[in-house]
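Enquirer: After the sequence you'll find the predicted model.
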Amino acid sequence: MTLITPDFGIIFWQSITFLVVLLVLSKFAWRPILEVLQAREDAVAHAVYKITEAKVLIKQLEDDRTKLTEEAHLERARIIGEALVTQRAIIDQAHREALVVKERLLAEAKVEITREEEHALENVKANVGSLVVQIAEKLLVKELSQDPSQWALIERLMASELPNKP
């Protein structure tokens, strides 16, 4: 029965032992355990804070990325627009220059054609003049050869022309 109803001495020594263990634990074990728990709690709180901060930063970075992507699309569209305008300007300038060159070549060709026509007309005139002289000579010879006095004149004229001919 001593186990069911303990003596006063056992209760006294158990209480003193409990108080000594409690005192030793409070002095050497609980403070470090509480400090470790507090440090762990602070680390968890700091990690939660960093995670929240990282989420905010990720959201901000996603917003910045979206904004930069939109700006890049706008810049690309602007550059393409400028390139198209420049392309049209270059094509128009090349077309104008080609028209100027075409007009100049046409003018030069017209001048050359006019010059060739004049040269051909001079040749034709020279040939026609020579043909006219030959025809006139033959007609004169034919008409004047029927009269003997005229025939002597023709022979004298032809004799005077022969040394001049090359």
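Expert: Ah, there it is.
Enquirer: Just the buried positions in the worst-scoring helix or strand of the chain on mean pLDDT, please.
Expert: In the chain, the helix or strand scored least confidently by mean pLDDT, DSSP states H and E is helix 148-161, which has a mean of 73. By 16 or more other Cβ atoms under 10 Å, the buried positions in helix 148-161 come out as Ile154. Every C-beta, even on glycine, is put in place using the N, C-alpha and C of the backbone.
Enquirer: Return the distance of it from the chain's centre.
Expert: Counting by Cα atoms, centre = their mean, to the nearest Å, helix 148-161 is centred 89 Å from the centre of its parent chain.
Enquirer: For this protein, which segments are assigned as helices?
Expert: 8-24, 31-144, 148-161 (DSSP state H).
Enquirer: For the least confident helix or strand of the chain, name the packing helices and strands.
Expert: helix 31-144 (3 or more Cβ pairs under 8 Å, 6 or more residues apart in numbering; DSSP states H and E).
Enquirer: Could you list the low-pLDDT ranges of this structure?
Expert: Applying pLDDT under 70 to the chain flags the ranges 1-3, 143-147, 161-166.
Enquirer: what angle separates the least confident helix or strand of the chain from helix 31-144?
Expert: Computed by axes from the mean of the first three to the mean of the last three Cα atoms, to 10 degrees, the angle separating helix 148-161 from helix 31-144 equals 140 degrees.
Enquirer: mind saving the C-alpha coords of helix 148-161 as CSV?
Expert: What follows is helix 148-161, C-alpha atoms only, in CSV (Å, rounded to 0.1, in the frame of the first residue of the first chain):
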residue,chain,number,x,y,z
PRO,A,148,28.2,70.2,-185.5
SER,A,149,29.1,73.7,-184.3
GLN,A,150,27.7,72.9,-180.9
TRP,A,151,29.4,69.6,-180.9
ALA,A,152,32.8,71.3,-181.2
LEU,A,153,31.9,73.5,-178.2
ILE,A,154,30.9,70.4,-176.1
GLU,A,155,34.2,68.7,-176.9
ARG,A,156,36.1,71.8,-175.9
LEU,A,157,34.2,72.0,-172.6
MET,A,158,34.7,68.4,-171.9
ALA,A,159,38.4,68.6,-172.7
SER,A,160,38.7,71.5,-170.3
GLU,A,161,36.9,69.5,-167.5
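Enquirer: What's the separation between Ala98 and Val128?
Expert: 43 Å (Cβ to Cβ, to the nearest Å).
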